[in-house]
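1. next one to model:
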Amino acid sequence: MKDHIIHPIPPFYDKNSTILILGSFPSVKSREQMFFYGHPQNRFWKVIASVFDSDIPETLSEKKAFLKRHHIAMWDVIGSCDIKGSSDSSIENAIANDISVILNQAGIRGVFVNGKTAEKYYKKYIEPKTGIIATCLPSTSPANAAWSLDKLVKTWSESIKKNYRSVSG
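-> The predicted structure follows:
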C-alpha cells in the first residue's frame, strides 16, 4: 500500500550556499527527524564529511553547521508523491519541488543529485525549467550495495572537489 506524502522538510540553504545537493525524496527516518539523510545506514554524512576532511556530524545542529560551513544547500527533487515506505522504486505521481526558491536567493553555481532516481526526476521536471544540468553522484543509500563507502567517497570527492573550486572561489 502506497501513501501520498507531501515533502515535510523545508529546503536548507542560505545566501552563501554555492552548491546544491538534491536527493529524490526523504526516507521514513528522515521524515521522522525532519532533516535529510536521517537513516543511520545511509552513508551520506560519512561520505560528505570525508569529502571535506571533517568529522562526521551527528546531531542536527552539527549537520546544519557543517552544511553552512561548506556552503552546501540541500533539498529533494520530489515535493510530493505516492510511495511505499522509503522505496524510491515505488514512487508514482511525483510532483517536483520548485528549486527556484533556492536559486533565486543563493549563489548556487553547482547542482548535484544523489543517485539515479533523483537524476531521473531532475531531468524530467527541473532541468527543462532551469536549464541547469546536474551532476549525478552515486547514491549513498544502503540499497546501493554495489558501491562501497571508499568507492563512494572517492567518486563524490573527485566530482565535488573538481566543481567546488569553481563554485566556492
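2. neighbours of the nearest residue to residue 15 once chain neighbours are set aside, how many?
-> Of all residues not flanking residue 15 in the chain, residue 106 sits nearest, at 5.7 Å (Cβ to Cβ, 6 or more residues apart in numbering). The way it works is simple: take the backbone N, C-alpha and C, and place the C-beta from them, glycine included. Each residue near residue 106 was counted by other Cβ atoms under 10 Å, and the total is 19.
3. ok, now which ones touch residue 106?
-> 13, 14, 15, 16, 17, 18, 20, 73 (Cβ atoms under 8 Å, 6 or more residues apart in numbering).
4. what residue ranges in this protein score low on pLDDT?
-> 163-169 (pLDDT under 70).
5. what helices or strands is the longest helix anywhere in the chain leaning on?
-> Longest helix of the chain, by residue count under DSSP state H: helix 149-168. Packing partners of helix 149-168 (3 or more Cβ pairs under 8 Å, 6 or more residues apart in numbering; DSSP states H and E): strand 19-23, helix 44-51, strand 110-114, strand 135-137.
6. elements contacting the first one?
-> Same thing as strand 19-23. Here strand 19-23 touches strand 72-76, strand 110-114, helix 149-168, going by 3+ Cβ pairs under 8 Å, 6+ apart.
7. could you check the angle whatever helix or strand comes next after the first one makes with strand 19-23?
-> Which is strand 72-76. Toward the C-terminus, strand 72-76 is succeeded by strand 78-83 as the next helix or strand (DSSP states H and E). Here the directions of strand 78-83 and strand 19-23 differ by 10 degrees (axes from the mean of the first three to the mean of the last three Cα atoms, to 10 degrees).
8. same question for strand 78-83: list its buried residues.
-> For strand 78-83, a neighbour-count test (16 or more other Cβ atoms under 10 Å) marks 78, 79, 81, 83 as buried.
9. same question for stretch 153-162.
-> Going by 16+ other Cβ under 10 Å, stretch 153-162 has these buried residues: 153, 156, 157, 159, 160.
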